[in-house]
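>>> quick one: sequence plus predicted model below, questions after.
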Amino acid sequence: MTQLILRTAALCVGGVIAAAAAVAPATAWEPKGQGECIAPSNPGGGWDMTCRTTSAVLQKTGMFKESIYVTNMPGGSGAVAIANVITKRKGEPNLIVAASNALTFTVALGRTPHTYKDIIPIAQIGAEIGGFFVRDDSKYKTITDIVNALKADIKSVSFSGGSAPGGQDHMKAAMFAKAIGVDPTKIVYVPFQGGGEALTSVLGGHTQVGSLDISEATGQLEAGKIRGLAVLSEKRSTKFPNIPTALEQGVKVNYTVWRGFYMAPGTPADAVTWWTDTMKKMVATPEWKAEAAKVGMEPIYLFGDDFAKFVNKDADESRALLKELGFVK
Amino acid sequence: MDILKQFVTRTRIEGVVILSVALAYLWEAHNVPEFYQIPGVPGPTTFPYLLGLVFAACGAWLLISPKDLWRMWSKPAEAVAAPAPAGPGLGSRIASHWHLIAMWAVVLAYLWFMPDIGFPVATFLLLFTFFYLLGETRWHIVLALSLTVTVVVYVSFKMGLNVRLPLGVLEFLVK
Amino acid sequence: MFEHLINGFAVALMPYNLMIALAGCLVGTLIGVLPGLGPTATLAMLIPLVFSMPPATALILLTSVYYGSMYGGSTTSILVNIPGESASVITTIDGHKMAMQGRAGPALAIAAIGSFIAGTFAVAMLTLVGKPIATYSLYFGPAEFFSLMLFGLCTVASLTGGNVMKSIVSTCFGLMIATVGIDLVSGAARFTFGNPFLQDGVDFVVIAIGMFALTEVVVTAREVRSGVRAEIVEPKGLFVKWSEFVYSLPSIGRGTVFGFLVGMLPGAGATLSTFIAYNLEKRLCKNPERLGTGDIRGVACPEAANNAASGASLVPLLTLGLPGGGATAVMLGALMMLDITPGPLMFEKHGAMLWALIASMYVGNALLLVLNWPLVNIFARVMRVPAKYLMPIVLVISTIGVWSLSYSAVDLVLTGAAGLLGFYMRINKYPVEPLILGLILGGKMEQAYRQALIISNGSNSIFVEKPISLVLLGLALLFLFLPMILKKSQQFNAARETAQAS
């Protein structure tokens, strides 16, 4: 009996809240209970860092009242997580999933039957700038030296990167080759397990050019063990403004690594709006800026529909490039 | 007939199994999709082909068992003189090993169904049957022990180590 | 430099930090004991905590947990024949036999002592000559790695029981399992049958839990049931006797040195070092025939090696900013969250904190040795828990270990399959260790081979043109054929002696 009364009371209160919500759209939707951020990588990977920094900032600034816990769901460069979210976590309003270009390649290579159209991309919260790096004593002083060497003999320069062929580090090298008019399928690209190993190989002189993100190279750049020949973004990096862009040096390559989040399909629209707005607010906080600077993320943002359009375009372009290279039939 | 029985040894059966696994593996390696490849460098199938061939060779060697053949050929009389004791029929073998088979069945069922029926229930059932199979027949002890272990393990891993264990059929409790 | 170190100790020995270190060691050991949950998983769980602490304390917590879980890994190997992580596979060979002979206490104790000596040695090297020796790891490119892996694979020879064929089959199958997943060098998906869960390959833990844990549980259960389970001998003494310590000291020394050298190479890691160290031990020590029958050196050597290796993997991380194995990658992530950019300038920029970290490694090793005193006591008692109660619980915890990898039902099914296979192999005397070795080395070996060939434009001569690679290949051949040559020469000598005598 008491239970029944309680339940009725709860219903009433619920009704009142719902009514209030309908009246005041500003408080339309607030997350209840714990939040969850799925990092489709192992702990320590890029997606893991994205999740952990975001959840830390959201909690520190009080934007998310309760705790957000991070779940690692590695597998198939995001393929496992996207399948899991679409089939098992439909419509969960407190769940966000970390994503980046690596997911684009998983989609573009057809390693998952799903695409960005099956999920709800909500925000790009930053970008990492990639570039080409050589050992400090390398004979290549500028990007033009590499261009000349490649044009003379494409086998003479070896690139190393932290992703498998068809991944972002390889694509950077391939786009570069394409831009300077040499055959991108003939480029010598040595894939390593992660940027750290690729960097080690450059430092050891086993490969000549590292195709890496600036954040991966930061420590060695500061120590002067490696030199940056070019960054592949529109603007120079805020952290290392002395490295020229490829565009400045007359090579038309512009490719940044975005980092962001998506939500499960079927999520209520007001929850999506809440998360999009919250992300928008979050990236403006000093706490976020400090964290982003630590991991070397550039302040390049996109939200909501803009972001969704961007990732779909990204996937299409990547697929086109992969087709040209012979990855996708 | 005797010759045949002598020929079908455990080693040869293993040889057949290994050979077929190797062939299946080679077939699957053959089906690895053609992908981007740097010309003149071993591709994704080179290493699997090599392994498959070595494995197949091992299987073939075991199947032929040359030493065994040589013995059979050189000393047929001796070999015939000591025929292998006729093994019991399949039915009686299952009967004598029912316990082992039951244990494997329980373990495999646990691994197969745990994600669906949930950790607590599956673990309880597993422990209950396992303690029983291991000779603890006092049912109240079995019951108490399985319950305690399930609860303690569930709570300590879920709360202490943040491992997500599925609730499965108990999902309604938290809803 | 010693001034820095003393300052470091001042920080590390602050009561709060000391407490954190102790807690970290304890938690690390306890989690490390759980099969399937190794250092990497443990560290990952702690990363959220890192945010809420002063940076130096956070680093101390992370390293003490890392060390603790390395110490804990050997415990289950010894007690229940289930390796807690890949680096403790070798320890099962002698460790569990010792436990069955009632020497669980000494086995656990020597593992702790060996780990202490090796761990302290590694930190001392890091302190004294860290930077100069770290650059040696840069000489290892793909070609050198391939030769190293090949050398590692040849250690299978020391693991073979009687039947060489069975070892080859086992190794080959391990290598085959290693080819499952997306091939790093070409990006092609191999043997995944379209299943995204298989794209990252089969994790070592999945196979190891199946082959060791499930098999052990069922085998023990069967023995208990049919009453043939060998009675565990009443423990004679809980701790190592002085004579045993002296007996195993040379092995600890050798294990430490090889472990350190191999562990410093990025990606080679602790596991390979244990296999190599055990193999060398078989070749170098007196009475090698005792190894494998419950010899205390068979525990001391690999345990020293794996701790020296895990300490050594911090050398390139801290001096060059390059991550070594899986666990150090997590540490790298944590450092970045603490606003320490890993790189050669780390010590200049964050010297105080890093020296505190180094000091805390000394402290952590000492703490673990002290901590193990009571822990050995407790763990050795596990042997007295009747198997009929212990084994089902082991089974449940092992399953959680597999499940926690990626929450994948596929992993559980594979574990079951590996269990059945392992059971068959065990009954029919197929050695399991070569399979594990193949599984661990296979992927990396193939990768290195193909990376090297991409660099050399397809020419195999790169493996003999690079001096380090050439030496390693030579050693591999030597270790493979040396026993045969020795045997032949012994036979020859014996024959000559008998000829002379007559």
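Great, that's in hand.

>>> only C-alpha atoms for contact and neighbour calcs from this point on.
OK.

>>> lowest confidence element among the helices and strands of chain B?
helix B:76-81 (a mean of 49; mean pLDDT, DSSP states H and E).

>>> in the stretch 101-250 of chain A, which residue sits nearest chain C?
Closest contact between the stretch 101-250 of chain A and chain C, by Cα to the nearest Cα, is at residue A:219 (3.9 Å).

>>> over to the closest residue in space to residue A:115 that isn't next to it in sequence: give its phi and psi.
Using Cα to Cα, 6 or more residues apart in numbering or on different chains and skipping residues adjacent in sequence, the residue nearest residue A:115 is residue A:107, 5.7 Å away. Backbone torsions of residue A:107, given as degrees, to the nearest 10, read phi -70, psi -50.

>>> and for residue A:107, the neighbour number?
Residue A:107: 23 surrounding residues under other Cα atoms under 10 Å in any protein chain shown.

>>> can you tell me which residues contact it?
Each residue near residue A:107 by Cα atoms under 8 Å, 6 or more residues apart in numbering or on different chains is listed here: A:113-116, A:315.

>>> out of the residues you listed, which end up buried?
Among the contacts of residue A:107, those buried by neighbour count (16 or more other Cα atoms under 10 Å in any protein chain shown) are A:114-116, A:315.

>>> quick revisit: can I get the helix or strand following the least confident helix or strand of chain B as PDB, trimmed to CA atoms?
Following the chain from helix B:76-81 toward its C-terminal end, the next helix or strand by DSSP states H and E is helix B:90-96. Provided in PDB are the C-alpha atoms of helix B:90-96 (Å, rounded to 0.1, in the frame of the first residue of the first chain):
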ATOM      1  CA  LEU B  90      32.200 -46.000 -27.500                       C
ATOM      2  CA  GLY B  91      29.200 -46.400 -25.200                       C
ATOM      3  CA  SER B  92      31.100 -47.900 -22.300                       C
ATOM      4  CA  ARG B  93      33.900 -45.300 -22.800                       C
ATOM      5  CA  ILE B  94      31.500 -42.500 -22.400                       C
ATOM      6  CA  ALA B  95      30.100 -44.200 -19.400                       C
ATOM      7  CA  SER B  96      33.500 -44.500 -17.700                       C
END
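
>>> how far does helix B:90-96 sit from its chain's centre?
Here the centre of helix B:90-96 is set off from its chain's centre by 19 Å, with Cα atoms, centre = their mean, to the nearest Å.

>>> can you tell me if it touches chain C.
No: Helix B:90-96 stays clear of chain C (Cα under 8 Å from any Cα of the partner chain), getting no nearer than 11.3 Å.

>>> give me the residues contacting stretch C:50-68.
With contact meaning Cα under 8 Å, 6+ apart, stretch C:50-68 is reached by A:56, C:12, C:17, C:20-22, C:24-30, C:32, C:39-40, C:42-43, C:46, C:49, C:327, C:331, C:334-335, C:337-338, C:353-354, C:356-357, C:360-361, C:364-365, C:368.

>>> which of the residues you listed fall in helices?
Per DSSP state H, helices hold the following members of these: A:56, C:12, C:17, C:20-22, C:24-30, C:32, C:39-40, C:42-43, C:46, C:49, C:327, C:331, C:334-335, C:337, C:353-354, C:356-357, C:360-361, C:364-365, C:368.

>>> rewinding a little: list buried residues within the contacts of stretch C:50-68.
Listed as buried from the contacts of stretch C:50-68 are A:56, C:12, C:17, C:20-22, C:24-30, C:32, C:39-40, C:42-43, C:46, C:327, C:331, C:334-335, C:337-338, C:353-354, C:356-357, C:360-361, C:364-365, C:368; burial here means 16+ other Cα under 10 Å.

>>> I figured residue A:193 hits residue C:184, correct?
Yes: at 7.5 Å, residue A:193 counts as touching residue C:184 under the criterion of Cα atoms under 8 Å.

>>> residue contacts, the closest residue to residue A:234 other than its chain neighbours?
Residue nearest to residue A:234 in three dimensions, not counting chain neighbours: residue A:254, with 6.1 Å by Cα to Cα, 6+ apart. Residue A:254 sits next to A:232-234, A:246-247 when contact means Cα under 8 Å, 6+ apart.
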